[in-house]
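Chemist: Pasting a predicted model and its sequence here:
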Amino acid sequence: MKKLVSGVAATLAVSFAMNAAAVDRIGFQARERLEGETAELTESLGLNAEQSAKILDLKLNLFASNRDARNELGAGTSEFAEARNANRNAFRDELKDSLTKDQYNQMRALNNS
């Protein structure tokens, strides 16, 4: 089990490093959807331009990381599920650093409604 977790962690590290280039290859529809989600968050949470740009970057990286993990590990595998969870946790941690506590809590409330 420890080897599996170590392998997934190593895969994620490589995946994150490759994401800068991978984000450029995100399809038009996916990019448009992520930009729309970011615009809604910007309006709902009162984000400034810097925060909005950071959120979009985080969303693009999350999308690319999950896509790369799915392609490498196979959709529906336990390894993919672990990688996706690790990607989501990394996204959440970065999100907390990019938003104020009130903005983060407001976003969570919007997502839970």
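Modeler: Right, received. Where do you want to start?
Chemist: For the rest of this, base every contact and every neighbour count on C-alpha atoms.
Modeler: Fine.
Chemist: right, and the secondary structure at residue 76 would be what?
Modeler: coil (DSSP: H, G, I helix; E, B strand; the rest coil).
Chemist: and what of residue 47?
Modeler: Residue 47 - assigned by three-state DSSP - is coil.
Chemist: so what's the most centrally placed residue in the chain up against?
Modeler: In the chain, the C-alpha nearest the mean C-alpha coordinate belongs to residue 62, at 2.4 Å (C-alpha atoms, centre = their mean). Contact analysis of residue 62 by C-alpha atoms under 8 Å, 6 or more residues apart in numbering lists 87, 88, 91.
Chemist: okay if I get those as TSV plus pLDDT?
Modeler: Listed next are the contacts of residue 62 as TSV, based on pLDDT from 0 to 100:
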residue	pLDDT
87	98
88	97
91	97
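Chemist: For the residues you listed, pick the one with the most neighbours.
Modeler: residue 87 (22 neighbours; other C-alpha atoms under 10 Å).
Chemist: three-state assignment of that residue?
Modeler: Secondary structure assignment for residue 87 (three-state DSSP): helix.
Chemist: So for it, what's the nearest residue that isn't a sequence neighbour?
Modeler: residue 62 (6.4 Å; C-alpha to C-alpha, 6 or more residues apart in numbering).
Chemist: Please, which helix or strand holds the one you found?
Modeler: In this structure, residue 62 sits in helix 49-73 according to DSSP states H and E.
Chemist: could you give the mean pLDDT of that helix?
Modeler: What helix 49-73 shows for mean pLDDT is 96.
Chemist: Buried ones in that helix, by neighbour count?
Modeler: Across helix 49-73, burial judged by 16 or more other C-alpha atoms under 10 Å covers 51-70, 73.
Chemist: before we move on, what about stretch 30-48?
Modeler: For stretch 30-48, by 16+ other C-alpha under 10 Å, it's 31, 34, 35, 38, 39, 41, 42, 45, 47.
Chemist: List the contacts of the fifth one.
Modeler: When contacts are counted by C-alpha under 8 Å, 6+ apart, residue 39 touches residue 52.
Chemist: what do you get for the first one?
Modeler: By C-alpha under 8 Å, 6+ apart, the contact set of residue 31 is residue 60.
Chemist: Give me the pLDDT for residue 22.
Modeler: For residue 22, the model assigns a pLDDT of 54.
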